[in-house]
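K.L.:
Sequence and predicted structure below; questions after.
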Amino acid sequence: MTVLITGGAGYIGSHCCVAFLEAGHDIVVLDNLSNANSLSLERVAKITGRKVSFEFADIRDQPKIESVLKHYKCTAVVHFAGLKAVGESTQMPLAYYDNNVVGTHRLLSAMANCDVRQMIFSSSATVYGEPKFLPLTENHPTGAVNPYGRTKLMIEEMLRDVSASDPAWRFGILRYFNPVGAHESGLIGENPLGIPNNLMPFITQVADGRRERLSVFGNDYDTRDGTGVRDYIHVTDLVEGHLRAHEVLASGSASSNCLTVNLGTGTGYSVLEMVRAFERASNKEIRYVFAPRREGDVAECFADTSLAEKTLAWRAERGLEAMCRDTWNWVCKNPSGYSSEET
Ligand code: NAD
Ligand code: WQD
């Protein structure tokens, strides 16, 4: 009983490897390392004291996926692999449709051919588009506003169609809000290449002196301090949600063979609240300037978490302080990410 973890060398995937190994599951990671460093898996082995099987491969290589599924006798897949940068997706949409949509299609085809019929998929709150009401429930209308979001929606639809075609399939579509933080050991964490697009990595790079100041995108939103509000979730809580989803699906106790569930905390924090929390955790000043709104951003976005509590018996436990403390611990212990160990 082995779980295939695609994209398992990446940020969320590496934390998921820890959660599954610590829960006693056998795993094999498949990753093309397009946005990861395989040292993350050595760190996973260090944290868990267990060896991590790794296959350097692309999810679009269907024959290879089939040979991996058969070789390791996989019974389920947790599917993280894909491209994830919103801005980049508007510049190179075909790469996004190819990696994300075509890749997931090939992965599903390989699974069908090998009779592996359980998948957990990394979706995103981005599929809700501009919120019509808050908190966002899973039946809020969907409507992605960029190619990245549309790939997530297309994949969700593909999974729903496949689940309807045969009750033997079991899918967990997990819509993440804003994952942040790192493993408490400081051995694994987020390692963005280039200028970070996301708030937390940017704040960390101001704290450690790599960037001079944060640009706060918009201070005229209809929120408590005018800056954007998001539902940040600790990556360790997030991957525990995957473990619960895996167990619920595998036990056959799920209410449906295709669960679509939000993974968030239900609490929103503004950009300025994040800045202050990080200042407390790091004891560093985070310099910032107000800048114009970023195109495509919404004022506020946070989850209704009741379905996750009901269907997965899961809820996020870690608060903002732990999110900032664990991020800072990871950055202090790995000032150059994983690259300091390269050569
Ligand atoms: P990440 O880039 O760190 O991880 C993705 C991994 O997939 C990387 O290791 C990359 O090398 C690998 N990969 C990419 N394309 C591949 C391919 N064609 N074949 C094999 N491997 C491939 O990103 P992450 O933040 O860990 O995100 C994981 C998943 O969660 C992604 O699907 C992402 O869209 C989704 N997600 C992330 C966030 C977030 O804010 N981080 C939010 C919502 C959803
Ligand atoms: C958070 C807040 C910004 C950077 C994105 C994707 C989403 C999902 C998670 C994958 C917003 C503000 C940011 C900066 C800032 N990813 N900000 N200065 O946009 O909520 O979600 O990541 O699925 O699809 O869109 O996250 O971290 O980019 O921004 O002021 O330099 O921080 O305006 O209010 P976002 P984020």
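P.N.:
Thanks, I have it. Ligands and ions are numbered 1, 2, ... in the order given.
K.L.:
got the residue ranges for the helices in the stretch 151-300 of the chain?
P.N.:
Taking DSSP state H, counting those that start in this stretch as the criterion, the stretch 151-300 of the chain contains helices spanning 199-207, 235-251, 271-282.
K.L.:
Which strands and helices lie in contact with the second one?
P.N.:
Helix 235-251 is packed against helix 11-22, strand 74-79, strand 118-124, strand 170-176, strand 178-180, strand 258-263, helix 306-312, with contacts defined by 3 or more CB pairs under 8 Å, 6 or more residues apart in numbering; DSSP states H and E. Bear in mind the C-beta positions are built from the backbone N, C-alpha and C, glycine included.
K.L.:
follow-up on the earlier one: tell me which of the helices of the stretch 151-300 of the chain lies nearest to ligand 1.
P.N.:
Judged by CB to the nearest ligand atom, the one of these that comes nearest to ligand 1 is helix 235-251, at 8.4 Å.
K.L.:
How about the residues of this protein by ligand 2?
P.N.:
By CB under 6 Å from any ligand atom, the residues of the chain that approach ligand 2 are 84, 86, 124, 126, 178, 197-199, 202, 214-217, 228, 230, 271, 294, 297.
K.L.:
Now mean pLDDT too, for the helices of the stretch 151-300 of the chain, in a markdown table please.
P.N.:
Listed next are these as a markdown table, based on pLDDT from 0 to 100:
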| stretch | mean pLDDT |
| --- | --- |
| helix 199-207 | 97 |
| helix 235-251 | 98 |
| helix 271-282 | 98 |
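K.L.:
Take the ones you listed and write them to JSON lines, including mean neighbour count.
P.N.:
Formatted as JSON lines, these follow (neighbours: other CB atoms under 10 Å):
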{"stretch": "helix 199-207", "mean neighbour count": "22"}
{"stretch": "helix 235-251", "mean neighbour count": "22"}
{"stretch": "helix 271-282", "mean neighbour count": "19"}
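K.L.:
rewinding a little: show the buried residues in the residues of the chain next to ligand 2.
P.N.:
Buried members of those, scored by 16 or more other CB atoms under 10 Å, are 84, 86, 124, 126, 178, 198-199, 202, 214, 216-217, 228, 230, 271.
K.L.:
Can you tell me which one of the residues you listed sits lowest on pLDDT?
P.N.:
Between these, the one the model trusts least by pLDDT is residue 86, at 94.
K.L.:
quick one: contacts for it?
P.N.:
Neighbour list for residue 86: 126, 146, 148-149, 197, 296 [criterion: CB atoms under 8 Å, 6 or more residues apart in numbering].
K.L.:
Switch the buried ones among the residues of the chain next to ligand 2 over to a markdown table; also include distance to ligand 1.
P.N.:
Putting these into a markdown table (distance: CB to the nearest ligand atom, whole Å) gives the following:
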| residue | distance to ligand 1 |
| --- | --- |
| 84 | 4 |
| 86 | 10 |
| 124 | 4 |
| 126 | 7 |
| 178 | 6 |
| 198 | 6 |
| 199 | 10 |
| 202 | 13 |
| 214 | 18 |
| 216 | 19 |
| 217 | 16 |
| 228 | 15 |
| 230 | 10 |
| 271 | 16 |
